[in-house]
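Undergrad: Mind folding the following:
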Amino acid sequence: MPKRGCPFADAAPLQLKVRVGQRELSRGVCAERLTREIFDPAGVASGACSSCVRAVDGKAACSQCERALCARCVRTCCSCGAVACALCALVDYGGDLHEKVLCSSCAVFEA
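TA: All right, here's what the predicted structure looks like:
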């Protein structure tokens, strides 16, 4: 049995399979939104904590590196009261019963 002919002839546009990847999206239709997510100065666009990758439940951000933090990962400096993440905070488990948390700015002066 022979194949049937195309009823549209030359009027139909060519239908090619084109793979649209992340690179094409970031340059095209979604360029503005994706750029905003990547270069957001608050660092909370992704919605994930930078320390433990849980969902961010508030607007807490590290005062040193400006990464987003969830409530469990927030550490408050005992000297200046600044919010710090696990990477920017120095925890002293020294002589006292309680731990002493210092942000990286205050840790320079305490050492």
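Undergrad: residue contacts, A89?
TA: Contact analysis of A89 by CB atoms under 8 Å, 6 or more residues apart in numbering lists 75, 77, 101-104. Where you see a C-beta, it was placed from the backbone N, CA and C, and this is true even at glycine.
Undergrad: Could you list which of these belong to strands?
TA: 75, 101-103 (DSSP state E).
Undergrad: now for those residues, which pair is the farthest apart?
TA: Using CB to CB, the two most remote members of these are R75 and L102, lying 9.3 Å apart.
Undergrad: which residues are common contacts for these two?
TA: Common neighbours of R75 and L102 (CB under 8 Å, 6+ apart) are 89, 91.
Undergrad: just the strands in this protein please.
TA: Counting by DSSP E, the strands of the chain are 75-76, 83-84, 89-92, 100-103.
Undergrad: Save the contacts of A89 as a markdown table, and put in distance to L16 and pLDDT too.
TA: Below are these laid out as a markdown table (distance: CB to CB, whole Å; pLDDT from 0 to 100):
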| residue | distance to L16 | pLDDT |
| --- | --- | --- |
| R75 | 54 | 91 |
| C77 | 58 | 92 |
| V101 | 59 | 90 |
| L102 | 60 | 90 |
| C103 | 56 | 90 |
| S104 | 54 | 87 |
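Undergrad: Any chance of those in a markdown table with neighbour count as columns?
TA: Below are the contacts of A89 laid out as a markdown table (neighbours: other CB atoms under 10 Å):
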| residue | neighbour count |
| --- | --- |
| R75 | 21 |
| C77 | 22 |
| V101 | 18 |
| L102 | 23 |
| C103 | 24 |
| S104 | 17 |
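Undergrad: Flag the shaky bits of the chain, pLDDT-wise.
TA: Low-confidence segments of the chain (pLDDT under 70): 8-15, 17, 25-26, 29-30, 34, 37-46, 95, 111.
Undergrad: Thanks a lot, catch you later.
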